[in-house]
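Enquirer: Next comes the sequence, and after it the predicted model I'd like to discuss.
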Amino acid sequence: METTRRREIEDVASDLFREQGYSATSVRDIARALDIQGPSLYAHVTSKEDLLWAIVDRAASRFEAAADAAEAWAAAQHAGDHAVHLAELARGHVRTITADVGAASVFVAEWRALGPGRRAAILARRDAYERRFRELIADGTATGVFRMADPTLAAMLVLGALNAIATWYDPNGRLPADRIADLAAEAIVRIVAEEPT
């Protein structure tokens, strides 16, 4: 029961952080959205930052798990095919965003509001995640599959484009999540593989 209530609190906080921003959302706002008194909220959470940490940590774990699965699938099914590997990484990223757009949006936009220790921990995880894309693009460039001269910039552009989906995705929109993931993956591979003009 406690786990369910805690998750409900995190989900409500996630929605509010996404809509209003972390700094503009008070504990009172979260309690009001849950229709409970502020002091009752503290029976489940120790602080607003602890909620932010729980949301960001959970989202980071989901992104990492999706990347692990994409890499395992690509290695088993299409070993050495950098374009297929990048497409699957992109699909996994988009699926993670669309599975919980509130948490993904908070992860993308609000992690800097964490205290120094937690912020450093998330930054290290974000850097390691970005490195997966950067190293794959560098390997693909070295073999002539990709044409990007700067794999670091390419990885940042790819992730920036994919992360933007968290700002506009609507589960009730005209395209289902899997179709968005497929289209995004196709566009990302095309951009990275195109000859420079």
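Expert: Arrived safely.
Enquirer: so who does Gly115 touch?
Expert: By CB atoms under 8 Å, 6 or more residues apart in numbering, the contact set of Gly115 is Glu49. Glycine gets a C-beta too; all of them are placed from N, C-alpha and C.
Enquirer: Quick one, grab the pLDDT at it.
Expert: For Gly115, the pLDDT comes out at 96.
Enquirer: Same check on Ala75?
Expert: In this model, Ala75 is scored at 88, pLDDT.
Enquirer: how close does it get to Trp168?
Expert: Per CB to CB, to the nearest Å, Ala75 is found 32 Å from Trp168.
Enquirer: neighbour count winner among the two?
Expert: Neighbours were counted for Ala75 and for Trp168 using other CB atoms under 10 Å; Ala75 has more, 12 against 8.
Enquirer: centroid residue for the chain?
Expert: Of all residues in the chain, the one closest to the mean position by CA atoms, centre = their mean is Ala104, 4.6 Å from it.
Enquirer: which phi and psi does Gly144 have?
Expert: Dihedral pair for Gly144: phi 90, psi 0, per degrees, to the nearest 10.
Enquirer: and it, how many residues sit next to it?
Expert: Neighbour count for Gly144, taken as other CB under 10 Å: 9.
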